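Novice: model the following, please.
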Amino acid sequence: MVKTPHPYMTLSVGARAGLTGVVKALSKEVAADNVTINNLLPERFDTDRQRQMAELAMAARGISWDEARAEQAASIAAGRLGEPHELGDACAYLCSAQAGYVSGQNLQLDGGSYGGIF
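Specialist: Residues are numbered from 1 along each chain as shown. Below is the predicted model of the structure:
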């Protein structure tokens, strides 16, 4: 399932759906060779990019740093941005032997924001 991209993301919904379909098809072809392919689908994480977006909001709308950051966090179900290590940990898991039977999947890393069930 492809979620609706954030307005500042550059890939269209169609491109994301296509990429997801290709990954799923490819994962089935290589699974017998013990190769796994999965998608990590992150929401916003606390990175330089999100700090830049907060600064742009401050300049455009005349709000404070705390207000800009609070708005970012409020738009996510968990009420916070993801921590970069959380994305790294998820990636490390999917690359580990423990995830050897997980293939062709989309892992939402979005603080519970995605509204779909699949």
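Novice: so which helix or strand of the protein has the lowest pLDDT on average?
Specialist: Lowest on mean pLDDT, DSSP states H and E among the helices and strands of the chain sits helix 13-30, with a mean of 88.
Novice: what is it packed up against?
Specialist: Packing partners of helix 13-30 (3 or more Cβ pairs under 8 Å, 6 or more residues apart in numbering; DSSP states H and E): strand 39-42. Where you see a C-beta, it was placed from the backbone N, CA and C, and this is true even at glycine.
Novice: gap between the helix or strand that the strand it packs on is followed by and the chain center?
Specialist: Downstream of strand 39-42, the next assigned helix or strand under DSSP states H and E is helix 48-61. Taking Cα atoms, centre = their mean, to the nearest Å, the mean C-alpha location of helix 48-61 is offset from the chain mean by 20 Å.
Novice: who are the packing partners of helix 48-61?
Specialist: Where contact means 3+ Cβ pairs under 8 Å, 6+ apart, helix 48-61 is packed against helix 65-74.
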